[in-house]
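*Asks:* structure, please.
(2 chains)
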Amino acid sequence: MGGGVVLIPALTFFGLPIKEVIAVSIVSVVATSSGSAAAYVRDHITNLKVGMFLEMFTMVGAIVGAKLSLAAGQQFLFIAFGLVLFACWAALLIQPDIEYVATVKQDGFTRWLELEGSYYDYAADCTIEYKARRAHWGAALMFWVGVIAGLLGIGAGALKVLIHDLVMGLPPKVSTTTSNLIIGVTALAGASVYLAAGLIRPALAAPIVVGIVIGALIGTRTLVRLQNRAVRRFFLAILALLATEMIYRGLKGI
Amino acid sequence: MRPEPKVAQNPAESTAGIDMNLIVGYVLAVGVASSIALLTIGMAWNKLQIGHLVTDYELGHTNILQFVIRESREVWHGHLQPRVLINFGIAVLMMTPFARVLASTVYFAVEECNLKYTLFTTFVLLTLSYSLLLQ
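*Replies:* Sure, this is the predicted structure:
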């Protein structure tokens, strides 16, 4: 999970205008996703072809979403943010129960797209081969996830992973790492709209980008020592709290 | 000890020896690391010079291409100030995913000769270029 879902409620809580915060958040998403994607790609888990195909749709969605955000009212953005946080909360809640079902017969379109691959799984000590499926549905849904990412300045990784898992049948490790790769380009497309609108303030962006990248590095090292269930419960509680707070502020008129 | 990775042959890996995963990985790692270094040095310099991490100023309505050219020109002419380093750090960060897509397009066109993915990555590159020129 990137920093946007926590960063935006936190900064708006201190009175910063939501559109400026969204603009800064999307720049920080470029940094965190590119940083983590760099490591995962070199481990040969990310499926570059799945990433290249799906980012065509998320990127166009992000441009549309960012333009919608510029036209939208503050109240709408608060409520939309809260609702998307609830969707991320639900995605995180059901994710552990999703069982990976390997594709037995690939549909023609996905086969034509060459969306398959293999990676070495250290835990299982073997090479996992897989084939994706239903690329057409994945593409259509990814456009809308791109709209959400551009509209609210978040990576929307939880939703992307859900589509990879449930719709396209990718193994969990491949879906998480490929989602990271897509987020960078999606965020850049959105960020360029906010830059053109004059909403990116270096005074806000520079310390946040540096802080969030250092935080992500520390977080990754700390998380491996913590129990998965405890971390999930903590994030579920935080997401529910932030979602409720954002919707409440939106309904109250901020 | 972690076993040597039995690297699986992904479709995006070349049989000719160039590993696309490594190229993409290094482009992203170098881009983010350079950007963070520039931002950190810029803020530290600003703190030493005037006591604040960053002075509040606006970039104005600009597109990424103009922004990158403007900041690169400042660096080229040696007009180094904390503000220029910070702006250049943001510019480098924003150009990192673009460089990754550019590298992918060249790879699919030249190394893999995969027409389908050359077209896909070209579409991403053109749409990104359009977004970079938005004003």
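*Asks:* C-alpha only now, for contacts and for neighbours.
*Replies:* Noted.
*Asks:* give me the number of residues near the residue in the stretch 51-200 of chain A positioned nearest to chain B?
*Replies:* When scored by CA to the nearest CA, the stretch 51-200 of chain A has A:Gly198 as its residue closest to chain B, at 4.3 Å. Applying other CA atoms under 10 Å in any protein chain shown, we find 18 residues neighbouring A:Gly198.
*Asks:* contacts only, for the closest residue to it other than its chain neighbours.
*Replies:* In space, A:Gly198 comes closest to B:His61 once its chain neighbours are excluded; the distance is 4.3 Å by CA to CA, 6 or more residues apart in numbering or on different chains. Contact analysis of B:His61 by CA atoms under 8 Å, 6 or more residues apart in numbering or on different chains lists A:Leu195, A:Ala196, A:Ala197, A:Gly198, B:Gln135.
*Asks:* ok but B:His61 is inside a helix, no?
*Replies:* No. Judged by DSSP: H, G, I helix; E, B strand; the rest coil, B:His61 forms no part of a helix; its state is coil.
*Asks:* any chance of the backbone angles for it?
*Replies:* Dihedral pair for B:His61: phi -80, psi 110, per degrees, to the nearest 10.
*Asks:* need the pLDDT of the residue of the stretch 51-200 of chain A closest to chain B.
*Replies:* pLDDT, A:Gly198: 89.
*Asks:* spell out which parts of the stretch 51-200 of chain A neighbour chain B.
*Replies:* Proximity of the stretch 51-200 of chain A to chain B, by CA under 8 Å from any CA of the partner chain, involves residues A:52-53, A:55-56, A:59-60, A:63, A:114, A:116-120, A:122, A:127, A:184-185, A:188-189, A:192-193, A:195-200.
*Asks:* pLDDT wise, what is A:Ala38 at?
*Replies:* We have a pLDDT of 82 for A:Ala38.
*Asks:* what of A:Val231?
*Replies:* pLDDT, A:Val231: 76.
*Asks:* which residues of the stretch 151-254 of chain A score low on pLDDT?
*Replies:* A:220, A:223-228 (pLDDT under 70).
*Asks:* make that the stretch 1-150 of chain A, sorry
*Replies:* A:1-2.
*Asks:* now the residue nearest to A:Gly198: how far from B:Phe67?
*Replies:* 10 Å (CA to CA, to the nearest Å).
*Asks:* list the buried residues of stretch B:27-40.
*Replies:* Buried residues in stretch B:27-40, defined by neighbour count with 16 or more other CA atoms under 10 Å in any protein chain shown: B:27-36, B:38-40.
*Asks:* check which helix or strand the most centrally placed residue in chain B maps to.
*Replies:* In chain B, the centroid-proximal residue (CA atoms, centre = their mean) is B:Thr96; its distance is 1.4 Å. Assessed by DSSP states H and E, B:Thr96 sits inside helix B:82-106.
*Asks:* who touches the helix or strand just after that helix?
*Replies:* Per DSSP H and E, the first helix or strand lying C-terminal to helix B:82-106 is helix B:115-132. Helix B:115-132 is contacted by residues A:49, A:52-53, A:55-56, A:59-60, A:63, A:188-189, A:192-193, B:63-65, B:98, B:101-102, B:104-106, B:108-109 when judged by CA under 8 Å, 6+ apart.
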